[in-house]
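**Q** Sequence and predicted model, in that order:
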Amino acid sequence: MMQSRADQSHPLFGGALSAVLPHSAKDTSELREIPDNQEVFVHEHTDQSLIVELVEYQIQVENEDAARYHFEDIAGSNKALEPDAFEVTSVVPLSKSELSLSDCSSAWMLTGTQCVSKFNEEARNSVTLHLGLFRLPQFSTDVLITFNDPQRISPDSSSAGSAETHRQPWTVQDFQRLLQTLTLHNPGLFG
């Protein structure tokens with residue numbers, strides 16, 4: 001029985017990791033320079049994006065606080081740090097029995113919102129951010145997976161044109177499947 005393309009694992013970081021990506025995911029490394037510790041995918045028809053990122057294990061924060069720490073770190077790089085510009089709506093543990101990456105010490109999914117501007121524009125867009133965090137202290141690494149799901153795009157934003165075409169946007173279920181299917185093939189990736 002052939003696997004449908006939707007269920008095929010996509011190699012990440014040269015095949016050291018893999019995961020099932022949602023439909024219409026385009027690898028942006030073909031379009032622009034991406035840091036070595038990131039894999040970035042954009043939806044071909046919406047303004048949604050997915051980032052898989054390897055970051056230093058944050059030993060000073062535990063469990064759900066680590067997810068909040070990384071969320072605030074992203075808010076900082078999105079310049080969404082002023083009060084009211086970001087908010088965490090939920091942080092839930094992911095059950096290791098449902099994850100392919102069972103080597104993690106814990107895994108979390110955070111949902112929040114951030115008001116961000118693109119390319120330092122004045123116009124601000126409301127983005128729902130789903131963040132998956134896999135903690136790998138044995139490799140001194142936190143694996144972060146971020147799903148940016150713009151909710152309200154300011155008409156003045158450069159993203160305003162693409163927002164009108166809501167052709168089959170990615171769903172939280174797509175994101176959860178990515179989290180559940182993330183698989184480690186080569187621990188050498190972590191140095």
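**A** In hand now; what should we look at? Residues are numbered from 1 along each chain as shown.

**Q** Check the offset of the helix ranked longest in the chain from the chain's centre.
**A** In the chain, taking DSSP state H as the definition, the longest helix is helix 63-77. How far helix 63-77 lies from its chain's middle: 12 Å, per Cα atoms, centre = their mean, to the nearest Å.

**Q** Follow the chain on from that helix and name the next helix or strand.
**A** The first helix or strand that comes after helix 63-77 along the chain, using DSSP states H and E, is strand 86-93.

**Q** That following strand: partners in the sheet, and parallel or antiparallel?
**A** Pairing partners of strand 86-93, with direction, according to DSSP bridges: strand 106-116 (antiparallel).

**Q** helices or strands next to the next helix or strand after the strand it pairs with in the packing?
**A** As assigned by DSSP H and E, the chain's next helix or strand after strand 106-116 is strand 125-136. Where contact means 3 or more Cβ pairs under 8 Å, 6 or more residues apart in numbering; DSSP states H and E, strand 125-136 is packed against helix 63-77, strand 106-116, strand 141-152, helix 172-181. (Each C-beta comes from the backbone N, C-alpha and C, glycine too.)

**Q** buried stuff in the last one?
**A** It stands for helix 172-181. Neighbour counts over helix 172-181 (16 or more other Cβ atoms under 10 Å) mark 174, 175, 176, 177, 178, 179, 180, 181 as buried.

**Q** re the thing from before, could you tell me the angle between the longest helix of the chain and strand 141-152?
**A** Angle between the axes of helix 63-77 and strand 141-152 is 60 degrees (criterion: axes from the mean of the first three to the mean of the last three Cα atoms, to 10 degrees).

**Q** So what touches helix 63-77?
**A** 55, 58, 61, 81, 85-86, 88, 91, 93, 106, 108-110, 112, 114, 129, 131, 133, 135, 142, 144, 146 (Cβ atoms under 8 Å, 6 or more residues apart in numbering).

**Q** For it, the averaged confidence score.
**A** Rounded to a whole number, the mean pLDDT of helix 63-77 is 90.

**Q** now that helix and strand 125-136, what's the angle there?
**A** Angle, helix 63-77 to strand 125-136, by the same axes, to 10 degrees: 140 degrees.

**Q** Keeping just the C-alphas, turn helix 63-77 into CSV.
**A** Extracted C-alpha coordinates of helix 63-77, given in CSV (Å, rounded to 0.1, in the frame of the first residue of the first chain):
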residue,chain,number,x,y,z
ASN,A,63,8.9,22.3,32.2
GLU,A,64,6.2,24.7,31.1
ASP,A,65,8.3,27.7,32.2
ALA,A,66,10.8,26.7,29.5
ALA,A,67,8.0,26.9,26.9
ARG,A,68,7.1,30.4,28.2
TYR,A,69,10.8,31.4,28.1
HIS,A,70,11.1,30.5,24.5
PHE,A,71,7.8,32.1,23.6
GLU,A,72,9.0,35.4,25.2
ASP,A,73,12.3,35.0,23.4
ILE,A,74,10.5,34.8,20.1
ALA,A,75,8.3,37.8,21.1
GLY,A,76,11.5,39.7,21.7
SER,A,77,12.9,38.9,18.3
